[in-house]
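> Got a predicted structure here, sequence first:
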Amino acid sequence: MADVKRLDAMGREVSFEELAERFKGHELLPWLMDNRTLVSKEPQPRLIEGSVHVDHDLETGRGPWVLVIDGDLVTAGDLKFTTGDYATSSLLVTGRLRARNLRYMSSARVAVDGDLVASGVIVGTGGDSEANLGTRGTLTALAVLLNPHTSIWANGGGKSSIQEAFHTLIVGGRAWQEFKQDVDVDDLDIHEATFVPEVLDDGILDVDKAMERARAGLGPFLPEVERALKAKRGL
């Protein structure tokens with residue numbers, strides 16, 4: 001598996017019926033099975049039996065794809081989950097997920113049973129096209145950077161997303177119940193006073209620049225702002 005970089009090409013092809021039997025009783029099985037009808041042509045699911053451990057970047061194709069990793073997903077590189085326009089796709093990881101940086105966008109939906117840890121940033125865009133990321137454990141990252149239309153959730157083993165399950169600072173919109181943002185991304189007037197110049201484009205946060213900075217282990221916030229935000233959240 002060491003040379004494979006397309007995550008949705010890994011594993012073996014299975015039927016939705018096999019997934020339903022194998023993961024019978026799993027809380028997220030109905031969510032996974034939704035993909036049969038969310039796109040015009042039923043996608044071909046793939047199953048990776050066992051954990052994926054690599055040291056390079058992994059990404060998905062334009063989809064639609066349905067993928068289950070029955071184990072952990074761990075990489076020393078970055079993860080990028082994306083699709084074509086409105087090609088709703090889903091990934092379920094039954095173990096933990098660890099990566100350097102993580103990006104989910106377009107119509108990619110990702111759910112993790114175990115804890116989710118990024119040593120850098122997590123970036124989410126395209127929630128109005130179905131993009132979503134969540135964990136049934138805890139979520140840890142240097143920062144979570146979302147556009148106003150995109151959500152993220154973590155329930156820490158409970159039934160619904162809770163603030164205590166997020167071990168990170170969140171930049172996001174205020175309309176979501178799944179999280180409480182630390183920085184309101186819609187308030188454009190505060191971007192220059194919140195983020196380092198290296199991640200700004202015309203005075204507004206640029207998530208691509210933030211991702212590049214995170215590759216070097218650096219966060220997007222001005223040091224004094226980061227300290228104040230962490231103190232307020234209790235990190």
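Received the coordinates, thanks.
> how near is the residue nearest to K80 when sequence neighbours are not counted to G172?
Leaving out its chain neighbours, the residue that sits closest to K80 by CB to CB, 6 or more residues apart in numbering is E59, at 4.0 Å. Just so you know, the C-beta spots here come from the backbone N, C-alpha and C atoms, and that holds for glycine as well. As defined by CB to CB, to the nearest Å, E59 lies at a distance of 23 Å from G172.
> does A193 count as helix, strand or coil?
Using DSSP: H, G, I helix; E, B strand; the rest coil, the structure places A193 in helix.
> What does the residue nearest the centre of the chain show for phi and psi?
In the chain, the centroid-proximal residue (CA atoms, centre = their mean) is L133; its distance is 4.2 Å. When quoted as degrees, to the nearest 10, the phi and psi of L133 stand at phi -140, psi 140.
> so it touches V110, yeah?
Yes - assessed by CB atoms under 8 Å, L133 is found in contact with V110 at 4.8 Å.
> just the helices in this structure please.
16-22, 29-33, 191-194, 207-215, 223-233 (DSSP state H).
> now those helices as TSV including mean neighbour count and distance to G77?
Listed next are the helices of the chain as TSV, based on neighbours: other CB atoms under 10 Å; distance: least, CB to CB, whole Å:
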stretch	mean neighbour count	distance to G77
helix 16-22	14	27
helix 29-33	16	26
helix 191-194	16	28
helix 207-215	19	9
helix 223-233	13	25
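> how far away is R22 from S51?
16 Å.
> picking up where we left off before, now for L133 and V110: what residues contact both?
F81, Y104 (CB atoms under 8 Å, 6 or more residues apart in numbering).
> so where is this structure shaky, pLDDT-wise?
1-4 (pLDDT under 70).
> Could you pull up the residues touching the residue nearest to K80?
K5, R6, L7, L79, K80, F81, T82.
> And those, which is closest to V121?
V121 has its nearest neighbour among the contacts of E59 in L79, at 11.6 Å by CB to CB.
> Number of residues surrounding that closest one?
The number of residues packed near L79 is 23, by other CB atoms under 10 Å.
> That one contacts A108, doesn't it?
No - contact status for L79 versus A108: not in contact, 10.5 Å apart, counting by CB under 8 Å.
> returning to that earlier point: next, the contact list for the residue nearest to the centre of the chain, please.
Applying CB under 8 Å, 6+ apart, the residues near L133 are F81, L102, Y104, R109, V110, A111, L116, I122, G124, I152, W153.
> Run through the residues that contact the residue nearest to S15 when sequence neighbours are not counted.
Excluding the flanking residues, the one nearest S15 by CB to CB, 6+ apart is P45, at 7.0 Å. P45 makes contacts with E13, V14, S15, F16, E18, L19, N35, V66, L67, V68, as judged by CB under 8 Å, 6+ apart.
> quick one: which of those residues is most hemmed in?
Ranked by neighbours (other CB under 10 Å), these are led by V66, which has 28 neighbours.
> quick one, what contacts it?
V66 neighbours (CB under 8 Å, 6+ apart): F16, L19, L32, N35, P43, Q44, P45, R46, S89, S90, L91.
> what about the closest residue to I48 other than its chain neighbours, how many residues close to it?
Closest residue to I48 apart from its sequence neighbours, by CB to CB, 6+ apart: G11 at 3.6 Å. Applying other CB under 10 Å, we find 20 residues neighbouring G11.
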